[in-house]
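**Student:** Fold the stuff below for me.
(one chain, ligands or ions: 1)
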Amino acid sequence: MIPFTHLKDWLSAAEADAVLAKLEARNDWTQGRIRMFGREIPEPRLTFFEGDPGLRYTYAHRSLEGQGWTPELEALRDRFARDFGIKTNTVLANLYRDGQDSMGWHRDDEPELGPDPLVVSLSLGATRDFDVRRDADKWTHRFALGHGDLLLMGSESQTQWTHSIPKRIKISSLRINLTFRQVFGL
Ligand SMILES: O=C(O)CCC(=O)C(=O)O
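**Tutor:** Modelled structure (predicted):
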């Protein structure tokens, strides 16, 4: 059993198109700077963070604070709670401008996410590979996440596994991913 559940076409094409258009039109996409291995580098993607006011999420020395919800992301958050019983109070959005943008192997295990974080991940736009690797034996599996697909990352997904979005130089169009998480005030 692996703790990742891929729900293809969870949003209809029309719904996915509408959310993607709203997100593409936002003007708060930022290229953050993160610290890795003692060096500060620009992230190879753009991001924004949204969530309950005052909630803070810090990764790779980059600190983000929630300032409330836009209606379309709040509606998605409520749907996840209703459909899956997964309560979330923040969303980190990633925009991969093309296949040169990527995310290295990592886990979402910051202390404010609690001991066994659950993550609900919605993909929009270009299909990209999403690789997962199990700590115990380094076994890897690849999901192709397409427009409107949902990936539920369940119990142990962040404690026993890592994940990544590899570069794909032939992909020239953008992808947006929304990762909804529950941040606990520390
Ligand atoms: O873009 C994705 O599908 C993954 C995003 C991710 O790994 C993260 O935000 O931690």
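**Student:** Straight-line length of stretch 17-32, end to end?
**Tutor:** Terminal residues of stretch 17-32 are spaced 26 Å apart (CA to CA, to the nearest Å).
**Student:** now swap in stretch 146-156 and tell me
**Tutor:** Calculated as CA to CA, the first-to-last residue distance of stretch 146-156 is 24 Å.
**Student:** Check stretch 52-60 too.
**Tutor:** 21 Å.
**Student:** Check which residues of stretch 77-84 are buried.
**Tutor:** 77, 80, 84 (16 or more other CB atoms under 10 Å). Glycine gets a C-beta too; all of them are placed from N, C-alpha and C.
**Student:** Let me know the average pLDDT across that stretch.
**Tutor:** Mean per-residue pLDDT for stretch 77-84: 97.
**Student:** Which residues outside it are in contact with it?
**Tutor:** Contact with stretch 77-84 is made by 69, 86-89, 91, 120, 152, 180, as judged by CB atoms under 8 Å, 6 or more residues apart in numbering.
**Student:** Identify the farthest-apart pair in these.
**Tutor:** Trp69 and Leu152 (20.8 Å; CB to CB).
**Student:** remind me which residues of this structure are low pLDDT?
**Tutor:** 186 (pLDDT under 70).
**Student:** mind running it again at 90?
**Tutor:** For the chain, residues meeting the criterion pLDDT under 90 lie at 1, 32-41, 59-62, 185-186.
**Student:** and it, which of its residues are near the ligand?
**Tutor:** Contact residues, the chain versus the ligand (CB under 6 Å from any ligand atom): 92, 94, 103, 108, 121, 123, 130, 145, 163, 165, 177, 179.
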